[in-house]
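Chemist: Below is the structure, and that's it, no one-letter string:
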């Protein structure tokens, strides 16, 4: 027997529409100017809401960046997983998996670095941070699945190595010395370190 869910009420639709406007406004402004050069008032103005209303949805600009970037990172992970499916070897598959994530991070470098900082140091009980950590866990799970293609790597070793690969990727993207590095430069660094592991 199928259960029919009740239609969404006007109030819930209005809340979702405001949230969508907030996300769109933040994405546009963060892309145009970077998170450090955008105020919450600018976001509220672009979303056509009051600043107080904005804070009903997020408490900080960092949480707003998480809200915007989580979807982009999840999409990048999905693209990476699809790329890894057709890659010939384990190393190539891991690199195919992580490349879209690196590309996503480098779209706006300051935003990408701030996103990683928020992800690591933010409150893990806050929903946006929890979503970011779930993306990290999914990334590590995907990397572990790719690593298990190698017959010599068991489940436990694959999970441990996946955590190391994930750390290498995130540190390479966040490092101050790599602020001006291209996607290819970052991928070369990651590839050199992963080669040692696999």
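Modeler: Perfect, thanks for sending it. What you see is a predicted model, and the numbers here were worked out from it, not measured in a lab.
Chemist: which residue is nearest the middle of this structure?
Modeler: Central residue of the chain (C-alpha atoms, centre = their mean): residue 73, 3.1 Å from the mean position.
Chemist: who are the neighbours in contact with it?
Modeler: Contacts for residue 73 (C-beta atoms under 8 Å, 6 or more residues apart in numbering) come out as 101, 104, 115, 132, 135. Glycine gets a C-beta too; all of them are placed from N, C-alpha and C.
Chemist: For the helix or strand where it lies, what is the distance to the chain centroid?
Modeler: Element membership of residue 73, judged by DSSP states H and E, is helix 61-85. Put simply, helix 61-85 sits 4 Å off its chain's centre (C-alpha atoms, centre = their mean, to the nearest Å).
Chemist: Show me which residues of it are buried.
Modeler: Neighbour-count burial for helix 61-85 flags 61-70, 72-74, 76-77, 79-81, 83-84 (criterion: 16 or more other C-beta atoms under 10 Å).
Chemist: Same question for stretch 180-188.
Modeler: Using 16+ other C-beta under 10 Å as the test for burial, stretch 180-188 gives 181, 183, 186, 187.
Chemist: can you list contacts of that stretch?
Modeler: 95, 98, 99, 102, 103, 106, 172, 173, 178, 189.
Chemist: burial of the closest residue to the first one other than its chain neighbours, as a residue count?
Modeler: If you skip the residues right next to it in sequence, residue 95 has residue 191 as its closest partner in space, 5.6 Å away by C-beta to C-beta, 6 or more residues apart in numbering. Burial of residue 191, expressed as a neighbour count using other C-beta atoms under 10 Å, amounts to 16.
Chemist: Over to residue 173?
Modeler: Neighbour count of residue 173, defined by other C-beta under 10 Å: 24.
Chemist: any idea of the pLDDT on it?
Modeler: With respect to pLDDT, residue 173 scores 93.
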